[in-house]
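Chemist: Got a sequence here, can you build the structure:
(chains A, B, C and D)
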There are 2 protein chains.
Amino acid sequence: MSDASDKPLATYAPVHTKRAFEEVTDQIRGLIARGALRPGDRLPSERELAEQFSLSRNTVREGLRALEIAGMLELRKGATGGAFVREGQGDAVISSFADLFILGKIQPGHLTEARQIVAVAVTRLACQRASEDDLDELEANVEASRQAVSRGDFPERTRINLEFHRLLAKCTRNPVLIVIYDAMIEIQRQMLEVLPAAPNSAVMPSRERLLGYLRARDEDRAAHEMESNLRLLQQHYLSEQAKGSA
Amino acid sequence: MSDASDKPLATYAPVHTKRAFEEVTDQIRGLIARGALRPGDRLPSERELAEQFSLSRNTVREGLRALEIAGMLELRKGATGGAFVREGQGDAVISSFADLFILGKIQPGHLTEARQIVAVAVTRLACQRASEDDLDELEANVEASRQAVSRGDFPERTRINLEFHRLLAKCTRNPVLIVIYDAMIEIQRQMLEVLPAAPNSAVMPSRERLLGYLRARDEDRAAHEMESNLRLLQQHYLSEQAKGSA
DNA sequence: CCGCATTAATGGTTCATCTTTTGAAAAACC
DNA sequence: GGTTTTTCAAAAGATGAACCATTAATGCGG
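Modeler: Reported below is the predicted structural model:
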């Protein structure tokens, strides 16, 4: 079917026959990247898009779905429904990151090592940039954790303790760090559903000290507190791993 | 938010009517998470899955497509085609991360700040863990960069210089750090396509010094070299931002 | 044994049609 | 007049059947 005039020059490059729906995603991505579509904007309905692209509605939907999964669009049904450009959040990053764990690509030791690195930096930046409101939120979180413990609601305590990290990351005002840190915390959460949680009664006192250092804007002490806290965790997982492989 | 009266007995389910294709993705994700499906395994054909799920082939395809986009499956067509569980790589993380930049959520200053943090840590770990082969690869990369400069091929030099970071991250042997760092480098690359690149003639000498420190396993000097290198970049972007908003 | 045409299996695409959800307009009610 | 209920239309969601395109295995002829 392919005569010589098909590909006259030896460009070896392209390959990977593009599927129709990828053309849809590329074009829409391009419009967003160029600013022609902005967060909150509504795209034409599936039927209109299908006509404009000269594709079937099904194929267009696959493209829209792809962008929805990628977190760039939100598809709303109903009378005023349609495809809307999303205010970008890191949900897609977080879930695809978590998939790496599901696929067995990430071991607990890998995660805690990376967490240590980012957590210390996040703590330092939070110390510099946290507003009073941020600090109040953190304090409320610690208090909520205390209450969960007193109720004996340990799953809830775990959830609150992880939430603490999310709040801390928010203080940095840096979306890159926020999404990275949130993703790592999400994986941690998923790990805790499978692995035995480290009991770690040292967490609460550590949190209280950390809170004090944050309020005092004592960056070094705050960072050190966070670091030693996570080092315990790292040691726990490394010893678990040793047990597992023994 | 405090006492029991907050949550009466009837907490009215969360719901959020699940779409049919999400059931497909959840079930397959579950099978992978439980180890019933492992990387490399082939799923039944779309037609068979449609029958087993009691769904139309179209709907099943949407589910498979979703997992393909998430990077968990690979769909191959042809006689021996089908859906295969992928060896997990961070592609999906990287592209969804890059989407945050496309959506305008990430500014250059955010990225370089985060890069500084991770890069220094990556450098330290690379110093500890890089094999001789790793170091040879890094050296070859620097040499390639030199040659690109002498050819005057600056886009190629940029590509090679970013590749240096990818190689460095690989030395850490930590998939979490690798994927995070790769993602940041990819965003950097996309930024360079839009923004004026920092000329930065200081890169090559810095790279050579860094390479020396890596070979000498001199962690502190290597980390310092990387840090001061990126600080220049950060200053460049901050001054650009100041110009832009002026 | 090799080379080429055939064939079967698979994903890719399209079409037509139906269902469900949702918001808003119209109607009924007080 | 204002409020509630009903109706309606627009949109995505789902379906099933058909057809196209690609790929690897099969088998035939040399």
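Chemist: Going by C-alpha atoms from here, please, whenever you check contacts or count neighbours.
Modeler: OK.
Chemist: ok, now how distant is the residue positioned nearest the centre of chain A from DNA strand C?
Modeler: Nearest to the mean C-alpha position of chain A, by Cα atoms, centre = their mean, lies A:Ile94 at 2.7 Å. When distance is defined by Cα to the nearest atom of the strand, to the nearest Å, A:Ile94 is 25 Å away from DNA strand C.
Chemist: Excluding chain neighbours, what is closest to that residue?
Modeler: Closest residue in space to A:Ile94, ignoring its immediate chain neighbours: A:Ala183 at 4.4 Å, by Cα to Cα, 6 or more residues apart in numbering or on different chains.
Chemist: List the contacts of that neighbour.
Modeler: A:Val93, A:Ile94, A:Ser95, A:Phe97, A:Ala98 (Cα atoms under 8 Å, 6 or more residues apart in numbering or on different chains).
Chemist: what does A:Ala222 give?
Modeler: Contacts of A:Ala222 by Cα under 8 Å, 6+ apart are A:Thr123, A:Arg124, A:Cys127, A:Leu210, A:Tyr213, A:Leu214.
Chemist: how deep is the third one tucked in, by neighbour count?
Modeler: The reference is to A:Cys127. Using other Cα atoms under 10 Å in any protein chain shown, A:Cys127 has 26 neighbouring residues.
Chemist: Repeat that for A:Leu49.
Modeler: If we define neighbours as other Cα under 10 Å, then A:Leu49 has 17 of them.
Chemist: Work out for me the element it sits within.
Modeler: helix A:46-53 (DSSP states H and E).
Chemist: That helix near DNA strand C anywhere?
Modeler: No. Helix A:46-53 is not in contact with DNA strand C by Cα under 7 Å from any atom of the strand; minimum separation 8.1 Å.
Chemist: what's in contact with that helix?
Modeler: Contacts of helix A:46-53 (Cα under 8 Å, 6+ apart): A:Val24, A:Ser56, A:Arg57, A:Thr59, A:Val60, A:Arg61, A:Gly82.
Chemist: By neighbour count, which of the residues you listed wins?
Modeler: A:Val60 (25 neighbours).
Chemist: tell me the contacts of that residue?
Modeler: A:Phe21, A:Val24, A:Glu46, A:Leu49, A:Ala50.
Chemist: Give the rounded mean pLDDT of the host helix or strand of it.
Modeler: Using DSSP H and E, A:Val60 maps to helix A:57-69. The average pLDDT within helix A:57-69 is 90.
Chemist: tilt between it and helix A:46-53?
Modeler: Angle, helix A:57-69 to helix A:46-53, by axes from the mean of the first three to the mean of the last three Cα atoms, to 10 degrees: 110 degrees.
Chemist: Return the residues in contact with A:Leu238.
Modeler: A:Gly109.
Chemist: what about it, which helix or strand?
Modeler: Counting by DSSP H and E, A:Leu238 is found in helix A:219-245.
Chemist: Next, count neighbours for A:Gly71.
Modeler: A:Gly71 has 21 nearby residues by other Cα under 10 Å.
Chemist: How much space separates the nearest residue to it once chain neighbours are set aside from B:Asp99?
Modeler: Computed as Cα to Cα, 6+ apart, the closest residue to A:Gly71 that is not its neighbour in sequence is A:Ala92, at 5.4 Å. According to Cα to Cα, to the nearest Å, A:Ala92 and B:Asp99 sit 9 Å apart.
Chemist: what do these two both touch?
Modeler: A:Ala70.
Chemist: hang on, A:Thr123 packs against A:Leu168?
Modeler: Yes. If you go by Cα atoms under 8 Å, A:Thr123 and A:Leu168 touch, sitting 7.0 Å apart.
Chemist: Which one (most neighbours) among the contacts of A:Ala222?
Modeler: Neighbour counts for the contacts of A:Ala222 peak at A:Thr123, which has 28 neighbours (criterion: other Cα under 10 Å).
Chemist: just the strands in chain A please.
Modeler: A:73-76, A:82-85 (DSSP state E).
Chemist: Identify whichever of those lies nearest to DNA strand C.
Modeler: strand A:73-76 (7.1 Å; Cα to the nearest atom of the strand).
Chemist: close to DNA strand D, is that closest one?
Modeler: Yes. Interface with DNA strand D: strand A:73-76 contributes A:Leu75, A:Arg76 (Cα under 7 Å from any atom of the strand).
Chemist: Check which helices and strands that strand sits against.
Modeler: Applying 3 or more Cα pairs under 8 Å, 6 or more residues apart in numbering or on different chains; DSSP states H and E, we find strand A:73-76 packed against helix A:57-69, strand A:82-85.
Chemist: now what about the last one, what contacts it?
Modeler: So that's strand A:82-85. A:37-46, A:64, A:72-76.
Chemist: now stretch A:140-151
Modeler: A:Phe154, A:Glu156, A:Arg157, A:Ile160, A:Asn161, A:Glu163, A:Phe164, A:Met204, A:Arg207, A:Glu208.
Chemist: where's the dip in pLDDT among these?
Modeler: A:Phe154 (85).
Chemist: got the contact list for it?
Modeler: For A:Phe154, the contact set (Cα under 8 Å, 6+ apart) comprises A:Ala148.
Chemist: List the buried residues in the least confident helix or strand in chain A by mean pLDDT.
Modeler: When the helices and strands of chain A are scored by mean pLDDT, DSSP states H and E, helix A:219-245 comes last with a mean of 82. For helix A:219-245, burial by neighbour count (16 or more other Cα atoms under 10 Å in any protein chain shown) applies to A:219, A:221-223, A:225-227, A:229-230, A:233-234, A:236-238, A:240.
Chemist: can you list the residues of chain A near DNA strand D?
Modeler: A:17, A:44-47, A:58, A:61, A:75-83.
Chemist: again, only using 10 Å
Modeler: A:1-2, A:15-19, A:42-50, A:56-58, A:60-62, A:64-65, A:68, A:74-84 (Cα under 10 Å from any atom of the strand).
Chemist: Now list the buried members of these.
Modeler: A:42-43, A:46, A:49-50, A:57, A:60-62, A:64-65, A:68, A:74-75, A:82-84.
Chemist: one step back: of the contacts of helix A:46-53, closest to A:Leu177?
Modeler: Ranked by distance to A:Leu177 (Cα to Cα), the contacts of helix A:46-53 are led by A:Val24 at 30.8 Å.
Chemist: That closest one contacts A:Gly63, doesn't it?
Modeler: Yes. Using Cα under 8 Å, A:Val24 is in contact with A:Gly63, at 5.5 Å.
Chemist: Pop the domain breakdown of chain A in here.
Modeler: A:4-85, A:91-245 (automatic domain parsing).
Chemist: mind putting these in CSV, distance to B:Ile178 included?
Modeler: Converted to CSV, the domains of chain A look like this (distance: least, Cα to Cα, whole Å):
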stretch, distance to B:Ile178
domain A:4-85, 21
domain A:91-245, 10
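Chemist: Out of the ones you listed, flag the one nearest B:Gly104.
Modeler: Between those, domain A:4-85 lies closest to B:Gly104; by Cα to Cα that is 8.1 Å.
Chemist: re earlier: among the contacts of stretch A:140-151, which are located in helices?
Modeler: Using DSSP state H, the subset of the contacts of stretch A:140-151 located in helices is A:Phe154, A:Glu156, A:Arg157, A:Ile160, A:Asn161, A:Glu163, A:Phe164, A:Met204, A:Arg207, A:Glu208.
Chemist: how much space is there between the fourth one and B:Phe21?
Modeler: What it means is A:Ile160. From A:Ile160 to B:Phe21 the distance is 32 Å (Cα to Cα).
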